[in-house]
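*Asks:* Below are the sequence and a predicted model for it; my questions follow.
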Number of protein chains: 2
Amino acid sequence: MELPSRLIEAAVDQMASLPGIGRKTALRLVLNLLRRSDEQVEAFSESFQLMRQGVRGCATCHNLTESDRCSICINPLRKESLICVVEDLRDLLAIEATGQFQGRYHVLGGVISPMEGVGPNDLNIESLVIRAGQLTKDDDGEIIFALPATMEGETTAFYLFRKLSSFDLQVTSIARGIAVGEDLQHADEATLVQSLRQRLPYTN
Amino acid sequence: MELPSRLIEAAVDQMASLPGIGRKTALRLVLNLLRRSDEQVEAFSESFQLMRQGVRGCATCHNLTESDRCSICINPLRKESLICVVEDLRDLLAIEATGQFQGRYHVLGGVISPMEGVGPNDLNIESLVIRAGQLTKDDDGEIIFALPATMEGETTAFYLFRKLSSFDLQVTSIARGIAVGEDLQHADEATLVQSLRQRLPYTN
């Protein structure tokens, strides 16, 4: 597909550099931008530059923030001794959306994936170990793994568990099991096995 | 979903303003941009502004171009008396990709759609009528409708046909029928009816 202008070509290339956006979709999006006014396209473009310049990782938990520390880390009502380890911001937002978690977070920035060339050193693990060293069981110190139920997520959890095993704190993982509203017959085998292994005393 | 920064919020809003991009997808794309360097995000953003500033519609056919007239309109090898009317650039590119069309184009910039508030005055119709007025049957003057096989495409074709009916030229439409490689049993009824109506003498 030969485009009638190198400027359009360059814009399509940039749009198609986003994950999951193919060149056909990129062209559709770029043509949509071409129908907008100069000011609208400027506002569109500037929003990404302003974000890139103004947003950084929280010095404590690596959540995204415009300040030195994020709004969760500076909130005195959030329990400092309870740290939920997540892969990225979207998982943090999903847990925050439940409104049920009163602790703080640690955003790894990914999971260990030899296939994609992501090793432990590429993730925010050292800072988690430092935070863990400040917790004790007497203070209800607990680290919760809320990592994806994939090979990479499990590998990462295992790696972190070994790194944290010498500390005086509890290490837990969110439950794997049948999703609320799901039929047993449609659940995959591995999930069913996990749900049986992790069975709990029945309460109403 | 409450985002941890107004700058991220603004970027997600802009990304989600693109057609077919929901807020969840927009967040995924924006987080991808946040992982890039300042320079990369600048190049990303600037590509759209440079395109918006440098690209305009061809004065003759409304194809996109960086000059006054597009590369097809200034190509003396393309037949001036044969004009293919398309909805937008993507349809033009699809026809160009076949390498089989030797005429020129007229890009309407949309189709008539009362549902979406697009009327004839929003489209490049007046300039088509002016071009049509310069053609004659003696010069093989022909206008081909290559418009979508939708209600809106048919409405637009009918409107154009009436506008062009007084001119001394041939008005044709691309064939509707069974797509190459398609089974009859999987074709929809309307397409089958059209393919029967538009049957041709069999040639090998």
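*Replies:* Looks like it came in fine.
*Asks:* What residues does the residue nearest to the spatial centre of chain A make contact with?
*Replies:* Taking CA atoms, centre = their mean, the centroid of chain A lies closest to residue A:88, which sits 1.5 Å from it. Shown in contact with residue A:88 (CB atoms under 8 Å, 6 or more residues apart in numbering or on different chains): A:107-110, B:31. For the C-beta atoms, the positions are set from N, CA and C on the backbone; glycine is no exception.
*Asks:* the helices in chain A, which residues?
*Replies:* Applying DSSP state H to chain A gives helices spanning A:6-16, A:23-34, A:38-54, A:89-98, A:126-133, A:151-164, A:189-197.
*Asks:* got those helices as TSV, with mean pLDDT, mean neighbour count and distance to residue B:94 columns?
*Replies:* Below are those laid out as TSV (pLDDT from 0 to 100; neighbours: other CB atoms under 10 Å in any protein chain shown; distance: least, CB to CB, whole Å):
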stretch	mean pLDDT	mean neighbour count	distance to residue B:94
helix A:6-16	97	20	15
helix A:23-34	94	18	10
helix A:38-54	97	18	25
helix A:89-98	92	16	36
helix A:126-133	96	15	52
helix A:151-164	95	17	40
helix A:189-197	86	12	44
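*Asks:* Select, out of the ones you listed, the one closest to residue B:168.
*Replies:* Of all the helices of chain A, it is helix A:23-34 that lies closest to residue B:168, at 34.6 Å by CB to CB.
*Asks:* Distance from the chain centre to the closest one, please.
*Replies:* 28 Å (CA atoms, centre = their mean, to the nearest Å).
*Asks:* Residues in contact with that helix: which ones?
*Replies:* Under CB under 8 Å, 6+ apart, the answer for helix A:23-34 is A:1, A:3, A:8, A:11-13, A:15-16, A:18, A:21, A:41, A:44, B:18-21, B:48, B:51-52, B:55, B:64, B:88-90, B:93.
*Asks:* quick revisit: between all of the contacts of residue A:88, which two are separated the most?
*Replies:* Taking CB to CB, the two most distant members of these are A:108 and B:31; they sit 13.6 Å apart.
*Asks:* Show me what counts as buried in stretch A:100-108.
*Replies:* By neighbour count on 16 or more other CB atoms under 10 Å in any protein chain shown, the buried set for stretch A:100-108 is A:101, A:103-108.
*Asks:* Please save the CA atoms from it in CSV.
*Replies:* Output of stretch A:100-108 as CSV, limited to C-alpha atoms (Å, rounded to 0.1, in the frame of the first residue of the first chain):
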residue,chain,number,x,y,z
GLN,A,100,-11.5,-3.2,49.1
PHE,A,101,-7.7,-3.0,49.5
GLN,A,102,-6.4,-0.8,52.2
GLY,A,103,-2.6,-1.5,51.8
ARG,A,104,0.0,-0.1,49.5
TYR,A,105,1.5,-1.4,46.2
HIS,A,106,4.7,-2.3,44.6
VAL,A,107,4.6,-2.0,40.8
LEU,A,108,7.2,-4.4,39.2
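*Asks:* For it, the averaged confidence score.
*Replies:* Summarised as a single mean, pLDDT over stretch A:100-108 is 96.
*Asks:* Do that stretch and chain B come into contact?
*Replies:* No: residues of stretch A:100-108 are not located near chain B by CB under 8 Å from any CB of the partner chain, the shortest gap being 10.4 Å.
*Asks:* contacts for that stretch?
*Replies:* Contacting residues not belonging to stretch A:100-108 are listed as A:57-58, A:60-63, A:72-73, A:77-89, A:92, A:95, A:123-125, A:127-128, A:131, A:142-144, A:147, A:156 [CB under 8 Å, 6+ apart].
*Asks:* you'd agree residue A:58 is up against residue A:66?
*Replies:* No: using CB atoms under 8 Å as the test, residue A:58 is too far from residue A:66 to be in contact (10.2 Å).
*Asks:* More neighbours: the two, which one.
*Replies:* Under the neighbour definition other CB atoms under 10 Å in any protein chain shown, residue A:58 and residue A:66 were set side by side, and residue A:58 has more, 22 against 15.
*Asks:* Between its first and last residues, how far does stretch A:141-158 reach?
*Replies:* Counting by CA to CA, to the nearest Å, you get 19 Å between the two ends of stretch A:141-158.
*Asks:* what distance separates that stretch from the centre of its chain?
*Replies:* A distance of 12 Å separates the C-alpha centroid of stretch A:141-158 from that of its chain, computed with CA atoms, centre = their mean.
*Asks:* Touching, residue A:194 and residue A:176? I think so.
*Replies:* Yes: with contacts counted by CB under 8 Å, residue A:194 reaches residue A:176, the gap being 4.0 Å.
*Asks:* Leaving out chain neighbours, which residue sits closest to residue A:135?
*Replies:* Spatial nearest neighbour of residue A:135, excluding adjacent residues (CB to CB, 6 or more residues apart in numbering or on different chains): residue A:141 at 3.0 Å.
*Asks:* Need the phi and psi values for the one you found.
*Replies:* Phi and psi for residue A:141, reported as degrees, to the nearest 10, are phi -60, psi 120.
*Asks:* contacting residues for it?
*Replies:* Contact partners of residue A:141, counting by CB under 8 Å, 6+ apart, are A:81, A:132, A:135, A:167-170.
*Asks:* Got a PyMOL select line for the buried ones in the residues you listed?
*Replies:* Here is the PyMOL selection string for the buried members of the contacts of residue A:141, based on 16+ other CB under 10 Å:
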select buried, chain A and resi 81+132+135+167+169
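*Asks:* What is the neighbour count of residue A:149?
*Replies:* Residue A:149 has 13 neighbours, counted by other CB under 10 Å.
*Asks:* just checking, it touches residue A:176?
*Replies:* Yes: at 5.6 Å, residue A:149 counts as touching residue A:176 under the criterion of CB under 8 Å.
*Asks:* Quick one: neighbours of residue A:118, just the number.
*Replies:* By the measure other CB under 10 Å, the count of residues near residue A:118 is 17.
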